[in-house]
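S.K.: I would like the atomic coordinates for the input below:
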Amino acid sequence: MTAGEFLLKYYHTPLGRARDSLRHGGPFAVRATERQRAEMESAAARLPTVPEFPGTKPVTLHLMTGRRFWYQTAFCLHSFATAAQTTVQAELYDDGSIDAACAARLARLGPGVRIHLIGELRARIEARLPAARFPVLRERWENYPNIRKLTDVHLGSAGWKLVIDSDLLFFRRPDFLLDWLAAPARILYAVDCAESYGYSRPLLQELAGAPIPPLVNVGLCGLRSDALDWAELEHWCATLHAREKTSYYLEQALVAMLAARTQPCAIAPATDYVTLPSRAEVLAPRAVMHHYVDTAKRWYFRHSWRRFAPVGQSQS
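M.R.: Residues are numbered from 1 along each chain as shown. Down below sits the predicted model:
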């Protein structure tokens, strides 16, 4: 073991874990939150089918999910349909972890749910993004699941699609999203709590050829599938990797660059579509939607899901 490896294993990694634990309330709070997360997962298995609303025009949402997130997907779809009072159809994309049991749980959400399993998605990637021409996108597809919210949803398709994350809950009618879904014409995104692109602004602006908009968050992301230039996305990914290495936020950086080129965009109002809600907002929601990133996961697992839980599961 080199000195660097020793320091990483016995100093930097434990220190990082300790700091992360403190940010989430300390070890006792972390254990309590995990118990309530497991309670949420158990409750999701007892959710009924996503409610339908005869006479409404169905809307289609696209989500990537898997064994670690299926229960969040279930609560997200229930909350959206209930808040919108609109029939929801969901296209679910396997993150590579959906097994038979997970597929069965997702199928229980109702006939409006369609699951695209990893075999189907891999075949499409092989046919449309051959590794010889798209080596970086293919490598990212294998090792960076977030890129699949672009490739697996949009590759070989046409028209506008709204991709949303599973860790969202909706409390009031999402008129902004419903209006966009009824007549999409611009790229849509949410507002982040802090700018997180993973790459320097000068490099992003050089590649996009336009000023990068601030605070792009892809928890909500509306794009037109047939407008995506996969050769350009390959070039962007290759250049970012060569000059500033890999980043967890690559997908968000790519969408920010796409948005830079197509201003104005449809930006979800930050006061209604809240990224990182506070504890006070969680306990008495005034927003339309919460996106439970980072430390908000604590309040998500402890409180928020219970508003949509089956009867008898709403109390901690």
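S.K.: any idea what the nearest residue to residue 186 once chain neighbours are set aside is bridged to?
M.R.: Excluding the flanking residues, the one nearest residue 186 by Cβ to Cβ, 6 or more residues apart in numbering is residue 266, at 4.5 Å. Where C-beta positions appear, they are placed from N, C-alpha and C, glycine not excepted. Here residue 266 sits in beta bridges with residue 188, as judged by DSSP bridges.
S.K.: what's around residue 266, how many residues?
M.R.: When counting by other Cβ atoms under 10 Å, one arrives at 17 neighbours for residue 266.
S.K.: where do the strands of this structure begin and end?
M.R.: Here the chain has its strands, by DSSP state E, at 59-65, 88-94, 113-116, 160-164, 168-170, 188-191, 216-224, 266-267, 273-275, 289-291.
S.K.: now the ones you listed in JSON lines, with distance to residue 80?
M.R.: Shown next, in JSON lines, are those (distance: least, Cβ to Cβ, whole Å):
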{"stretch": "strand 59-65", "distance to residue 80": "7"}
{"stretch": "strand 88-94", "distance to residue 80": "6"}
{"stretch": "strand 113-116", "distance to residue 80": "13"}
{"stretch": "strand 160-164", "distance to residue 80": "8"}
{"stretch": "strand 168-170", "distance to residue 80": "5"}
{"stretch": "strand 188-191", "distance to residue 80": "14"}
{"stretch": "strand 216-224", "distance to residue 80": "11"}
{"stretch": "strand 266-267", "distance to residue 80": "18"}
{"stretch": "strand 273-275", "distance to residue 80": "12"}
{"stretch": "strand 289-291", "distance to residue 80": "9"}
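S.K.: kindly reformat those as a markdown table containing distance to residue 44 and mean pLDDT.
M.R.: Below are those laid out as a markdown table (distance: least, Cβ to Cβ, whole Å; pLDDT from 0 to 100):
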| stretch | distance to residue 44 | mean pLDDT |
| --- | --- | --- |
| strand 59-65 | 12 | 98 |
| strand 88-94 | 14 | 98 |
| strand 113-116 | 14 | 98 |
| strand 160-164 | 17 | 98 |
| strand 168-170 | 13 | 98 |
| strand 188-191 | 24 | 98 |
| strand 216-224 | 19 | 98 |
| strand 266-267 | 30 | 98 |
| strand 273-275 | 22 | 98 |
| strand 289-291 | 17 | 98 |
